[in-house]
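Enquirer: I'll drop the sequence and a predicted model, then ask my questions.
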Amino acid sequence: MLYFDYGAGMPVDEQVFEAMKPFFTTHFGNPSSLHEYGDAVREAVEAARAQVVSFVGAGEGDKVVFTSGATESNNLALKGVARRARRRGTHIVTTNIEHWAVHTPLKALEKEGFEVTRVPVEPNGIVDADAVADAMTEETVLVSVMFANNEIGTVQPIKEIAERAHERNIPVHTDATAAVGRILVDANDCGADLITLSSNDIYGPKGMGALYIRRGVRIEPVMHGGGQEWGIRSGTENVAGIVGMGAAAELAQRRLTRDIAHLSHLQTKLIDGAFEAIPDTHLNGDRQQRVPNNVNFLFDYIEGEAMLLSLSNYGIAASTGSACSSKTLSASHVLSAIGQSNEEAHGSVQFNMGRLTTDDDIDFLLEKLPPVVDRLRRMSPLTPKGFFDR
């Protein structure tokens, strides 16, 4: 099976798995315990935290809070900052292409009385920093814009947005789940005050994440209990998961330049090859300002689900959108946001490459794609009469 769905899930790196193993059996203590078993795992937790701190470029006084994943990190950032700042204002600015793990918590905050402005992106899938700035008001207490889109891969101008927001003392949150390990995500460089991180998106364990919080950002907990993680995120620490995320972060930091070069090469090969071999093929999202692992094609006149089924017959695994919403039959809100009709959105297919993807994998995909698209177009009622006579 050839795997082109790295955006939905990645294998745990062997080095990461080896780092985790002792914490399932040998080092099983509770980090809060005041004895040697607790000391050993507490030291491991802090060592892993230091690895993630280095990975995200955290400065002195900044915090990295461990969570159960990107969804929890987003909820903590959005609800924690908004509720803490309620007396100052109740307005939040975001975009119309955010992941459901941002969109849904914001809907919940709207029910609590907050107002949310969703700034539309341009047809290339990138939001205009000026448009985000124009949406800010005296009541704005938070701006949340994803670092890179999980479906079409477009990289957003976080640095410019942060600069504009900071002129008005407004904190900025960015969900970097689809960016980490593919491009540089550095807190000092991008200026974001809160950064959502996912372990599995850097070849670490699933069910593990973190939230970077810049020094001075005021946030209240959304989960209450024993007061772990500075009282920001209560609950006994998932030590094996934390160690795994730390190891994955260190490995991703060391490999970043190599991974970017590898993924960029594969991305260019796939895009150029598909454009050359398949007429009426379009790339969703800006070609230049995107993460190097992502390719999202619109193949005119076909249905994406039929494409996935046909590709699976050749042992090729791909996707039609976010794995978190792929069970629904509705069109992708991201593709709708860049101006696609329902028919176009349903005809889009996403290929995500990873460290283990090879040139041979791309060659095989490019060998099978043209006949699959041709066959589906011949079956489709959407294909114009005379299309194959050209």
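Expert: Here it is on my side, so go on.
Enquirer: Going by residue numbers, what spans are strands in the stretch 101-250 of the chain?
Expert: Here the stretch 101-250 of the chain has its strands, by DSSP state E, counting those that start in this stretch, at 115-119, 140-144, 172-175, 194-198, 209-213.
Enquirer: Give me the helices and strands touching the fourth one, please.
Expert: Applying 3 or more C-beta pairs under 8 Å, 6 or more residues apart in numbering; DSSP states H and E, we find strand 194-198 packed against helix 36-56, helix 70-84, strand 172-175, strand 209-213. Where you see a C-beta, it was placed from the backbone N, CA and C, and this is true even at glycine.
Enquirer: Let's have those in CSV, adding mean neighbour count, mean pLDDT and distance to Gly347.
Expert: Below are the helices and strands packed on strand 194-198 laid out as CSV (neighbours: other C-beta atoms under 10 Å; pLDDT from 0 to 100; distance: least, C-beta to C-beta, whole Å):
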stretch, mean neighbour count, mean pLDDT, distance to Gly347
helix 36-56, 18, 93, 37
helix 70-84, 24, 99, 28
strand 172-175, 28, 99, 27
strand 209-213, 28, 99, 33
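Enquirer: In a markdown table, list those along with distance to Thr137.
Expert: Formatted as a markdown table, the helices and strands packed on strand 194-198 follow (distance: least, C-beta to C-beta, whole Å):
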| stretch | distance to Thr137 |
| --- | --- |
| helix 36-56 | 30 |
| helix 70-84 | 14 |
| strand 172-175 | 15 |
| strand 209-213 | 24 |
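Enquirer: coming back round to it: nearest to Ser319, out of the strands of the stretch 101-250 of the chain?
Expert: Among those, strand 194-198 comes nearest to Ser319, with 16.8 Å by C-beta to C-beta.
Enquirer: What separation is there between Arg233 and Thr90?
Expert: Look at Arg233 and Thr90: by C-beta to C-beta, to the nearest Å, they are 24 Å apart.
Enquirer: The two: which has the busier surroundings?
Expert: Legend: neighbour count by other C-beta atoms under 10 Å for Arg233 and Thr90, higher for Arg233 (24 against 18).
Enquirer: For stretch 367-386, what is the distance to the chain centroid?
Expert: 32 Å (C-alpha atoms, centre = their mean, to the nearest Å).
Enquirer: got the buried residues for it?
Expert: Residues 368-370, 372-373, 376-377, 380, 383 are the ones in stretch 367-386 that count as buried (16 or more other C-beta atoms under 10 Å).
Enquirer: same question, stretch 226-233
Expert: Judged by neighbour count using 16+ other C-beta under 10 Å, the buried positions of stretch 226-233 are 228-229, 232-233.
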